[in-house]
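J.: Please work out how this folds:
(chains A, B and C)
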Amino acid sequence: MTTTANAAPAAPAALHTAVIEWFDEHARDLPWRRPEAGAWGVMVSEFMLQQTPVARVLPVYEQWLARWPRPADLAAEPPGEAVRAWGRLGYPRRALRLHGAAVAIAERHGGDVPHDHAKLLALPGVGEYTAAAVASFAYGRRHAVLDTNVRRVFARAVSGVQYPPTATTAAERRLARALLPEDEATAARWAASTMELGALVCTARAPACGRCPVAAQCAWRLAGSPAHDGPPRRGQTYAGTDRQVRGKLLAVLREAAGPVPQAALDAVWDEPVQRARALDGLVADGLAEPLADGMYRLPQG
DNA sequence: AAAACGTGGCA
DNA sequence: TTGCCAAGTTT
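T.: Presented below is the predicted three-dimensional model:
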């Protein structure tokens, strides 16, 4: 048994109450939180929200659910249609995986999004976070839901540091489990509340501590809001990378009604080696399909 | 376990 | 303008 500075507070009940009451008052009215969204709506939103801001997801989510109101509706379409409808949300492999998840749900789960965490985790594109989020938000199950918002809230309020580690640690999972309310319905509420607090108040750059329901108990505040120490937090350049080239190539395929000639793809990037590598990558990932005559299209099968 | 994987808004 | 940041997953 190792003792750490990250031990749960003696009386987490006060923390639960404060955050959940704040949520009841301030939660955004998002479409995937409405009862009519259902588990499929929750799952679609979770895929789209991976690394993508709410404001950009909103319109695509609405179109998606209107077109494919149930998993089987999406499963009946070619994967390329999912990629096209994904639009400019970014990370288009998510569209492919969401389509794959819909196929699996239709084939193995009778068309219904599974309740069970392990079964969710087995779906393409569903990792630890998304499985917990769907089980918790859609079905009210008791799971530690550890996304970037929750990790930041816990890092500050409980651990007393400005930012969590780069990658999720065992200590964070332990802490999240320790903090989880016993009661199932309360646990699900807590998951949504802590996430919303991180998104709206305990933000990365400029936390609005004046509006925070737990500012008085926040370990980071109590420590004088010390600045992050350790290595710089990120550093992903984009311009000139294969990712940028892939994005440009896929945009051409997405916006075309049918197959596209090689020349149309060649036009988006002048460096031939990198361009070829990017296109090969798209094909390898199943995002593009080469045809016999040198044409390319979104995946049909 | 580090690195790849899109895109756009904001300070 | 540049860099940070946004409800992660996969290999």
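J.: Residue ranges in chain A under the pLDDT threshold?
T.: A:1-11, A:232, A:234-236 (pLDDT under 70).
J.: at 80 what do you get?
T.: A:1-11, A:230-237 (pLDDT under 80).
J.: Near DNA strand C, which residues of it are found?
T.: A:30, A:32-33, A:45-46, A:49-54, A:91, A:97, A:124-131, A:133, A:147-149, A:152, A:195-196, A:198-199, A:203-205, A:232-237 (C-beta under 7 Å from any atom of the strand). All C-beta spots, glycine's among them, are computed from the backbone N, C-alpha and C.
J.: buried stuff in stretch A:47-56?
T.: A:47-50 (16 or more other C-beta atoms under 10 Å).
J.: do stretch A:148-167 as well
T.: Buried residues in stretch A:148-167 (16+ other C-beta under 10 Å): A:148-164.
J.: swap in stretch A:177-193?
T.: Quick answer for stretch A:177-193 (16+ other C-beta under 10 Å): A:179-181, A:186-193.
J.: give me the residue from chain A nearest DNA strand B.
T.: With C-beta to the nearest atom of the strand as the measure, A:G247 is the residue of chain A nearest to DNA strand B, at 1.6 Å.
J.: Near DNA strand B, which residues of chain A? Just list them.
T.: Checking chain A against DNA strand B by C-beta under 7 Å from any atom of the strand, the hits are A:51-53, A:55-56, A:88-93, A:167, A:205-206, A:236, A:238, A:241-244, A:246-248, A:250-251, A:281.
J.: still on that earlier bit, in helices only, show me the buried residues of stretch A:148-167.
T.: A:148-154 (DSSP state H).
J.: Can I have the buried ones of the residues of chain A next to DNA strand C as a PyMOL selection?
T.: A single PyMOL command selects the buried members of those (16+ other C-beta under 10 Å):
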select buried, chain A and resi 32+45+46+49+50+97+125+126+129+130+131+133+147+148+149+152+195+196+198+199
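J.: Of the residues of chain A next to DNA strand C, which belong to strands?
T.: With strands taken from DSSP state E, there is no overlap with those.
J.: Which residues does the helix or strand containing A:Q244 contact?
T.: Element membership for A:Q244 (DSSP states H and E) is helix A:242-255. Residues from elsewhere that reach helix A:242-255 (C-beta atoms under 8 Å, 6 or more residues apart in numbering): A:83-84, A:86-88, A:90, A:92, A:238, A:260, A:264-265, A:268-269, A:274-275, A:277-279, A:281-282, A:287-288, A:296-298.
J.: run the last query once more with 6 Å
T.: A:84, A:92, A:238, A:260, A:264-265, A:268-269, A:274, A:278-279, A:282, A:288, A:298 (C-beta atoms under 6 Å, 6 or more residues apart in numbering).
J.: same deal with stretch A:148-161?
T.: Contacts for stretch A:148-161 (C-beta under 6 Å, 6+ apart): A:6, A:163-164, A:175, A:194-195, A:197-199, A:202, A:214, A:218-220, A:223.
J.: right, and the helix or strand after the helix holding A:Q244?
T.: strand A:260-261.
J.: neighbouring strands for that following strand, and are they parallel or not?
T.: strand A:295-297 (antiparallel) (DSSP bridges).
J.: buried residues in the partner strand?
T.: Going by 16+ other C-beta under 10 Å, strand A:295-297 has these buried residues: A:296-297.
J.: Where helices are concerned, which of the buried residues of stretch A:47-56 count?
T.: Short answer: these in helices (DSSP H) are A:47-49.
J.: Reformat those as a markdown table; add distance to A:Y61.
T.: Converted to a markdown table, those look like this (distance: C-beta to C-beta, whole Å):
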| residue | distance to A:Y61 |
| --- | --- |
| A:F47 | 10 |
| A:M48 | 6 |
| A:L49 | 9 |
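J.: Dump the buried residues of stretch A:47-56 to TSV, plus distance to A:A171.
T.: Output for the buried residues of stretch A:47-56, formatted as TSV (distance: C-beta to C-beta, whole Å):
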residue	distance to A:A171
A:F47	28
A:M48	30
A:L49	25
A:Q50	23
